[in-house]
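Undergrad: fold the following and give me the result.
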Amino acid sequence: MASFAQFIQEHVLDPNTLSGAICYAVVFAVAAWGLGWLLKSIVFRAMERDRRGLVDRTAAPFIVQLLRVLIYVFALLLYAQLIPGLRGIGTALLAGASVVTIVLGLAAQNTLGNLISGMSLLMYRPFQVGDRIQVNAPTGLETGIVEVITLGYTVLRVADNRRVVVPNSVMANQVTVNLTTADRRIMLSVPIRIAYAADLEKAREVLLQLARQHPSVREVVGCPLTMLGESSVTLTVQAWCVEAGVTKQVEYDLFEQAKKRFQAEGIEIPFPSHNLLIKSTPPS
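TA: Next comes the predicted model:
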């Protein structure tokens, strides 16, 4: 029993031995992971139970991730001070600290840029978690709800349930349209072409009626003539929709309903491919 205790004392608990260094590495790693997990659990449990909005849902995940990184860095520094061999390596590298700093800075400039940009987003608050925003992505203009702002990326959930992941540096340097306001209405403009020979007032009346009847339209503003083309004129339906998420569906509905009503009313529609007219006679 005494020999076992002596073995533990001389080998396992001695940071000068290889077995001791490995043992302390495991202890520090587990302790850092456990502390980070505990911190994350406490914060996210507080967010789930918060009903009064006391916990900032935009800042909390970001700060938790930042604190977890600091915990790991602090644990690594303590471990390096405890192990004599690592202390010697640290002293040797201190002479070239400036060169190492420059090399690491160049290698991690994108990561550090995203981290600093994330802090800027957290400080200036152009948007928060839960806001609906519009951003430019390789797939075009994307509209989505901000799910989380991490140390490096902002994650959006768009209408078709895709996740758009945007680097924080891009978010901080591009124009972002925040569609979340006290008034969630959004203006929709739907351009619809008719032939020069068509009855302009009749077509306008039909389009205004269709817009007023749509359940997602809160208020119809008007239907002005907005363009004179080579073979057609364009009437643009302008209306307030209840929110940004329904605008595309309202636009598709108005296109389809206008096409059917125009054919039923005998309003001429230009044919885009061959510059011809589709003319329908109203049912007798």
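
Undergrad: in terms of helices and strands, where is Ala75?
TA: helix 59-82 (DSSP states H and E).

Undergrad: ok, now how distant is Asn16 from Ile83?
TA: According to CB to CB, to the nearest Å, Asn16 and Ile83 sit 8 Å apart. Backbone N, C-alpha and C define where each C-beta goes, glycine included.

Undergrad: ok, these two, which is more surrounded?
TA: Neighbours per residue, other CB atoms under 10 Å: of Asn16 and Ile83, the larger number sits with Ile83, 19 against 11.

Undergrad: and that one, how far from Ala197?
TA: 89 Å.

Undergrad: same check, this time on Gly130
TA: 51 Å.

Undergrad: show me the shaky parts of the stretch 51-200 of the chain.
TA: 51-57, 85-109, 181-183 (pLDDT under 70).

Undergrad: quick one: the helices in it?
TA: 59-82, 84-94, 97-107, 109-124, 168-173, 200-213 (DSSP state H, counting those that start in this stretch).

Undergrad: out of these, deepest packed?
TA: helix 168-173 (a mean of 19; mean count of other CB atoms under 10 Å).

Undergrad: okay, strands next: where are they in the chain?
TA: Taking DSSP state E, the strands of the chain run over residues 132-137, 140-149, 153-158, 163-167, 177-178, 186-195, 217-222, 225-228, 232-241, 269-271, 276-278.

Undergrad: can you say which of those strands is nearest to Phe44?
TA: strand 140-149 (11.2 Å; CB to CB).

Undergrad: so what strands line up beside that closest one?
TA: The partner list of strand 140-149 in its sheet, established with DSSP bridges, is strand 132-137 (antiparallel), strand 153-158 (antiparallel).

Undergrad: quick one: buried residues of that strand?
TA: Glu142, Thr143, Gly144, Ile145, Val146, Glu147, Val148, Ile149 (16 or more other CB atoms under 10 Å).

Undergrad: was I right to think Asn114 contacts Asn168?
TA: Yes - with contact defined as CB atoms under 8 Å, Asn114 reaches Asn168; the gap is 4.4 Å.

Undergrad: give me the common contacts of the two.
TA: Each of Leu151, Gly152, Tyr153 lies in contact with both Asn114 and Asn168 under the rule CB atoms under 8 Å, 6 or more residues apart in numbering.

Undergrad: in JSON lines: the buried residues of strand 140-149, plus distance to Thr176.
TA: Listed next are these as JSON lines, based on distance: CB to CB, whole Å:
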{"residue": "Glu142", "distance to Thr176": "11"}
{"residue": "Thr143", "distance to Thr176": "11"}
{"residue": "Gly144", "distance to Thr176": "11"}
{"residue": "Ile145", "distance to Thr176": "13"}
{"residue": "Val146", "distance to Thr176": "10"}
{"residue": "Glu147", "distance to Thr176": "15"}
{"residue": "Val148", "distance to Thr176": "16"}
{"residue": "Ile149", "distance to Thr176": "12"}
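
Undergrad: any idea how far Asn178 is from Ala195?
TA: Distance from Asn178 to Ala195, by CB to CB: 40 Å.

Undergrad: more neighbours, these two?
TA: Neighbour totals were compared for Asn178 and Ala195, and Ala195 leads with 20 against 13 (other CB under 10 Å).

Undergrad: quick one: contacts for that one?
TA: Ala195 touches Ser231, Ser232, Val233, Glu268, Ile269, Pro270, Leu277, counting by CB under 8 Å, 6+ apart.

Undergrad: counting contacts, what elements does the lengthiest helix in the chain pack onto?
TA: Looking across the chain with DSSP state H, the single longest helix is helix 18-49. Packing partners of helix 18-49 (3 or more CB pairs under 8 Å, 6 or more residues apart in numbering; DSSP states H and E): helix 59-82.
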